[in-house]
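Trainee: just the structure for this:
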Amino acid sequence: MTFQDFNRAYSQDRISRYLTTCNGDKSKAMLLYKYNLRLSQEIFTIVTCLEVVLRNAIDRQLTTTLGNDWLKDSVDTGGIFDSPRCQDSAQIIRKANRKVLALGTYQHSKLVSSIDFGTWKYMFGSFQYRVTGRTLLQIFHNRPQSSAAMQYNNTYIFNELDKANTLRNRVAHNEPIIFTHSNPQADTTYILNEYIKILTLLTWLGYAPHAMFYGLDLVQQICDKINKL
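Mentor: Numbers count the residues shown, from 1 in each chain. Predicted coordinates:
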């Protein structure tokens with residue numbers, strides 16, 4: 001593909017920052033764009049694995065404490081999420097439940113898998129964490145002990161999940177992940193920091209990320225190529 005066709009396909013506004021960071025080298029700009037796509041693919045795989053592992057761990061914990069249909073029951077009248085403070089999450093769960101019911105037979109597992117990452121993240125928000133019984137930190141059983149200097153509490157977990165959720169949405173919306181607002185040049189620092197945080201969360205959940213992603217995880221290799229370009 002010629003640069004002219006490439007520029008027309010992806011838009012001049014989108015490609016301009018790649019051209020700038022490559023000092024006007026069109027071939028390098030095209031290659032850098034492709035590296036960003038490959039890196040986005042890799043990161044999306046990692047984040048979605050965290051999403052699945054997280055929701056399954058939350059579901060196991062709350063099924064034990066709240067019952068087999070805890071998610072559906074949570075938004076019934078008088079349910080734990082039937083509150084103005086949980087309005088957004090409740091609407092998402094109700095909408096997902098209607099879709100599951102429209103398929104024919106209700107299945108709890110289908111409802112769980114229909115809920116988005118953001119809703120699971122908010123399980124560690126102050127209100128949701130309290131009404132679910134203040135037990136969800138138990139799923140991160142490998143997290144460090146809190147200290148006066150650092151509290152690994154539900155707020156900390158919420159903030160870390162929020163960063164992962166933000167990264168997931170950036171990739172899903174085709175935003176470049178090798179640029180930040182404060183740095184017009186390509187930089188892998190942000191993505192590598194978020195990558196390490198995601199692996200840390202998986203470790204705290206009781207999994208070995210390098211075994212989980214064996215043969216799949218090329219994040220560091222692609223970042224190295226970007227840094228050498």
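Trainee: correct me, but Asp82 touches Asp76?
Mentor: Yes: counting by C-beta atoms under 8 Å, Asp76 is a contact partner of Asp82 at 6.7 Å. In short, each C-beta sits where N, CA and C put it, glycine included.
Trainee: avg pLDDT for the longest helix belonging to the chain?
Mentor: If you go by DSSP state H, the chain has its longest helix at helix 26-66. The average pLDDT within helix 26-66 is 96.
Trainee: following element in sequence after that helix, please.
Mentor: Counting by DSSP states H and E, the next helix or strand C-terminal to helix 26-66 is helix 70-73.
Trainee: export that next one as PDB, just CAs?
Mentor: The C-alpha coordinates for helix 70-73 follow below in PDB (Å, rounded to 0.1, in the frame of the first residue of the first chain):
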ATOM      1  CA  TRP A  70     -27.500 -13.300  43.400                       C
ATOM      2  CA  LEU A  71     -27.000 -11.200  40.300                       C
ATOM      3  CA  LYS A  72     -30.600 -11.400  39.100                       C
ATOM      4  CA  ASP A  73     -31.900 -11.000  42.700                       C
END
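Trainee: name the residues of that helix that come out as buried.
Mentor: Residues of helix 70-73 classed as buried: 70-72 (neighbour count, 16 or more other C-beta atoms under 10 Å).
Trainee: other SSEs contacting the helix or strand of the chain with the lowest mean pLDDT?
Mentor: Within the chain, confidence by mean pLDDT, DSSP states H and E is lowest for helix 209-212 among all helices and strands, at a mean of 88. Using 3 or more C-beta pairs under 8 Å, 6 or more residues apart in numbering; DSSP states H and E, the elements in contact with helix 209-212 are helix 189-204.
Trainee: the helix it packs on to helix 26-66, inter-axis angle?
Mentor: 30 degrees (axes from the mean of the first three to the mean of the last three C-alpha atoms, to 10 degrees).
Trainee: what sits up against helix 189-204?
Mentor: For helix 189-204, the external contacting residues (C-beta atoms under 8 Å, 6 or more residues apart in numbering) are 39, 43, 46-47, 49-50, 53-54, 140-143, 157, 160-161, 163-164, 167, 177-178, 180, 209, 212, 219-220, 223.
Trainee: which other residues reach stretch 62-79?
Mentor: So stretch 62-79 is contacted by 59, 80-82, 90, 93-94, 97, 106, 108, 111-112, 115, 132-133, 135-136 (C-beta under 8 Å, 6+ apart).
Trainee: list the buried ones in it?
Mentor: For stretch 62-79, burial by neighbour count (16+ other C-beta under 10 Å) applies to 62, 66, 70-72, 74-75, 79.
Trainee: make CSV from those and add distance to Leu202 to it.
Mentor: CSV is the format used below for the buried residues of stretch 62-79 (distance: C-beta to C-beta, whole Å):
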residue, distance to Leu202
Leu62, 20
Leu66, 25
Trp70, 24
Leu71, 23
Lys72, 28
Ser74, 26
Val75, 29
Gly79, 30
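Trainee: farthest pair within those residues?
Mentor: Within these, two members stand farthest from each other by C-beta to C-beta: Leu62 and Val75, at 13.5 Å.
Trainee: residues making contact with the helix or strand harbouring Asp224?
Mentor: Following DSSP H and E, one finds Asp224 within helix 219-228. Here helix 219-228 makes contact (C-beta under 8 Å, 6+ apart) with 32, 35-36, 38-39, 42-43, 46, 178, 186, 188, 191-192, 195.
Trainee: same thing but at 10 Å, please
Mentor: Residues outside helix 219-228 that contact it (C-beta atoms under 10 Å, 6 or more residues apart in numbering): 21, 31-32, 35-43, 45-46, 178, 186-189, 191-192, 194-196, 198-199, 213, 218.
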